[in-house]
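1. next comes the sequence, and after it the predicted model I'd like to discuss.
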Amino acid sequence: MEKQTLPNSTLILVFGILSILTCCCYGVLGLIFGIIALVMTKKANALYVENPELYSGYQNVKIGKILAIIGIILSALYMIWSIYLFVTVGEEGLLEMQKEIMRDYGIE
């Protein structure tokens, strides 16, 4: 019997990668992609545990889960940092910091 690829195994890996890449979007996108990847991983794990001899692609699921967890942690840290900055410095302070950075790099 030929092995089938686990459903969504590649998509789980892609979402895990996207959760890390988008963690700097104020943490929101990274959290969304990471949580979706973890939910899909749970379903794929349940399917694989029932009949491991029927499916291939479990390595993608494991790597995607690890990347999703890393992405969630990074996104949560970045979100906490963003909220902390917004609460302590405020919106005007953040805009002033951005203008100062742009002046330093000669972008203005």
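-> Structure's in. What do you need? For clarity, every value in this text was computed on a predicted model and none was experimentally measured.
2. which helix runs longest in the chain?
-> helix 58-88 (DSSP state H).
3. quick check on the closest residue to Lys65 other than its chain neighbours: phi, psi?
-> With Cβ to Cβ, 6 or more residues apart in numbering as the criterion, Lys65 has its nearest non-adjacent residue at 4.5 Å, and that residue is Thr41. The C-beta positions use only the backbone N, C-alpha and C, and glycine is treated the same way. Torsion angles at Thr41 (phi, psi; degrees, to the nearest 10) stand at phi -60, psi -40.
4. check the secondary structure at the residue nearest to the spatial centre of the chain for me.
-> In the chain, the centroid-proximal residue (Cα atoms, centre = their mean) is Ser19; its distance is 1.6 Å. Three-state call for Ser19 (DSSP: H, G, I helix; E, B strand; the rest coil): helix.
5. and it, what does it touch?
-> Gly30, Leu31, Phe33, Gly34, Ala37, Leu67, Ala68, Ile70, Gly71, Ile72, Ser75 (Cβ atoms under 8 Å, 6 or more residues apart in numbering).
6. repeat that for Asn8.
-> Going by Cβ under 8 Å, 6+ apart, Asn8 touches Met40, Lys43, Ala44.
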